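1. Model the following, please.
(chains A and B)
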Amino acid sequence: AQSVSQHNHHVILSEAASLELGCNYSYGGTVNLFWYVQYPGQHLQLLLKYFSGDPLVKGIKGFEAEFIKSKFSFNLRKPSVQWSDTAEYFCAVNARNYGQNFVFGPGTRLSVLP
Amino acid sequence: KAGVTQTPRYLIKTRGQQVTLSCSPISGHRSVSWYQQTPGQGLQFLFEYFSETQRNKGNFPGRFSGRQFSNSRSEMNVSTLELGDSALYLCASSPLVSGGGGVDTQYFGPGTRLTVL
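-> Reported below is the predicted structural model:
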């Protein structure tokens, strides 16, 4: 069975600080990887995704993530956070050829202080 | 295109009742998935439908069921409600073009907040 872990439950940063949110998964086969964000009072939105190719993927709002297959990791990064990045971030994994069954991590709450 | 819509947005029921939630996917999307989101368990996959067929099912009791109509709209039903069923139920649609093992991005709706008293 697949599982996804996210390293931090709650991260607090000041504006302009750099961000890295960890995501690790356990599954031995080929996976598709996603980061979703849920802003306060809003629904889940896709930040970025990795299906294949360049392991460094860029998403919206200046976010990027790097897939490291040997470490089963897909960490999310942003060089300089803004107050508007305050949200909950979810890593999700889907095993190839397994249908639309996404396994989500528990989420990391990011609070950016102005 | 309009996003995924879910109705109702809020629902209050009592234990033992049943409830039906509705989801309209993004136009052209044929895959619809349902998730339960709670503070304790996070986001958990319920089931996925493609072309009116259930393709995948999560680890939930049989009280949770769903269906998909020919226009891709989907409903989820929970019978004999329990207090623990209180949650945000999310629907997601995908622009999958085939029903094989393909995977594609899921686009989420705002959810239906179910409270069981």
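2. Can you pull the residues of chain B lying near chain A?
-> B:31, B:33, B:35, B:42-45, B:48, B:50, B:55-56, B:58, B:90, B:92, B:94, B:96, B:100-101, B:103-111 (Cβ under 8 Å from any Cβ of the partner chain). The C-beta positions use only the backbone N, C-alpha and C, and glycine is treated the same way.
3. among the residues you listed, which are in strands?
-> Among those, the residues falling in strands (DSSP state E) are B:31, B:33, B:35, B:42-45, B:48, B:50, B:55-56, B:90, B:92, B:94, B:107-108.
4. one step back: filter the residues of chain B next to chain A down to the buried ones and hand me the PyMOL line.
-> Selection of buried members from the residues of chain B next to chain A for PyMOL, criterion 16 or more other Cβ atoms under 10 Å in any protein chain shown:
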select buried, chain B and resi 31+33+35+42+43+44+45+48+50+55+56+58+90+92+94+96+103+104+105+106+107+108+109+110+111
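5. What about residue B:20, how many residues nearby?
-> For residue B:20, the number of neighbouring residues by other Cβ atoms under 10 Å in any protein chain shown comes to 14.
6. if we can go back for a sec, out of the ones in strands among the residues of chain B next to chain A, what pair is the most spread apart?
-> Within those, B:42 and B:50 form the most distant pair, 24.4 Å apart (Cβ to Cβ).
7. Over stretch A:49-67, what's the mean pLDDT, rounded is fine.
-> Mean pLDDT, stretch A:49-67: 94.
8. wait, stretch A:83-96
-> 92.
9. how about the residues of chain A that lie near chain B?
-> Residues of chain A lying near chain B (Cβ under 8 Å from any Cβ): A:32, A:34, A:36, A:42-46, A:49, A:51, A:90, A:92, A:94, A:96-107.
10. list the contacts for residue A:34?
-> By Cβ atoms under 8 Å, 6 or more residues apart in numbering or on different chains, residue A:34 lies in contact with A:46, A:47, A:48, A:49, A:50, A:91, A:92, A:93, A:94, A:102, B:105.
11. Which one (most neighbours) among those residues?
-> That'd be residue A:91 among those, by other Cβ under 10 Å, with 29 neighbours.
12. Please confirm that that one is located within a strand.
-> Yes. When DSSP: H, G, I helix; E, B strand; the rest coil is applied, residue A:91 is found to be in a strand.
13. Check the spacing between the residue nearest to the spatial centre of chain B and residue B:106 real quick.
-> Nearest residue to the geometric centre of chain B (Cα atoms, centre = their mean): residue B:34, 2.8 Å. As judged by Cβ to Cβ, to the nearest Å, residue B:34 and residue B:106 stand 11 Å apart.
14. Are there residues contacting both of those two? Which ones?
-> With Cβ under 8 Å, 6+ apart, residue B:34 and residue B:106 have common neighbours residue B:92.
15. just to revisit the earlier point, kindly state the beta-bridge partners for the residue nearest to the centre of chain B.
-> When assigned by DSSP bridges, residue B:34 has beta-bridge partners residue B:47, residue B:91.
16. Could you identify the helix or strand that succeeds the one helix or strand residue A:88 maps to?
-> In this assignment (DSSP states H and E), residue A:88 forms part of strand A:87-95. Going down the chain from strand A:87-95, the next helix or strand is strand A:103-104, by DSSP H and E.
17. who's in contact with that following strand?
-> So strand A:103-104 is contacted by A:2-4, A:25, A:36, A:90-94, B:35, B:42-45 (Cβ under 8 Å, 6+ apart).
18. change it to 7 Å
-> Residues from elsewhere that reach strand A:103-104 (Cβ atoms under 7 Å, 6 or more residues apart in numbering or on different chains): A:2, A:3, A:4, A:90, A:92, A:93, B:42, B:43.
19. Great, nothing more from me.
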